[in-house]
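J.: let me see the structure of the following:
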Amino acid sequence: TGQKFEVSCDLVITVGFLKNLIQDKTGIPPNNQKLKYQDETLADHRKLSDYGIQHMSTVKL
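T.: Numbering: from 1, shown residues only. You can find the predicted model right below:
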């Protein structure tokens, strides 16, 4: 949809936990979310830091 929103979180959380935070902001259930960072699809069990995601990084939904 092109909408942008900000989620503040620690970089050691899992992608799955981030999806829960996104659900809190958007109402989109985690199982309906597909997150990408630098054209790589993010796996629920991995940490954000595993992908090199840093402060103020943009993750696409």
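J.: could you look up the SS state of the nearest residue to Pro30 once chain neighbours are set aside?
T.: Of all residues not flanking Pro30 in the chain, Lys19 sits nearest, at 3.7 Å (C-beta to C-beta, 6 or more residues apart in numbering). Where C-beta positions appear, they are placed from N, C-alpha and C, glycine not excepted. Classification of Lys19 using DSSP: H, G, I helix; E, B strand; the rest coil returns helix.
J.: how many other residues sit next to Lys19?
T.: Residues near Lys19, counting by other C-beta atoms under 10 Å, number 21.
J.: same deal with Gly16?
T.: Counted with other C-beta under 10 Å, Gly16 comes out at 15.
J.: tell me the spacing between it and Gly2.
T.: 25 Å (C-beta to C-beta, to the nearest Å).
J.: with His55 instead?
T.: Taken as C-beta to C-beta, the span from His55 to Gly2 is 23 Å.
J.: likewise Asp24?
T.: Distance from Asp24 to Gly2, by C-beta to C-beta: 20 Å.
J.: correct me, but Ser57 touches Tyr37?
T.: Yes. The pair Ser57 / Tyr37 is scored as a contact, 6.9 Å apart, by C-beta atoms under 8 Å.
J.: the two: who's more crowded?
T.: Tyr37 (16 against 12).
J.: who are the neighbours in contact with the more buried one?
T.: Contact partners of Tyr37, counting by C-beta atoms under 8 Å, 6 or more residues apart in numbering, are 51-53, 57-60.
J.: may I have the secondary structure class of Asn31?
T.: Assignment for Asn31 (three-state DSSP): helix.
J.: neighbours around it, how many?
T.: Counted with other C-beta under 10 Å, the neighbours of Asn31 add up to 9.
J.: do Gln23 as well
T.: Neighbour count of Gln23, defined by other C-beta under 10 Å: 15.
J.: quick check: it touching Asn31?
T.: No. The criterion here is C-beta under 8 Å, and Gln23 misses it with Asn31 at 9.8 Å.
J.: which one of the contacts of Tyr37 sits closest to Glu6?
T.: Nearest to Glu6 among the contacts of Tyr37 is Thr58, at 10.0 Å by C-beta to C-beta.
J.: right, I'll leave it there.
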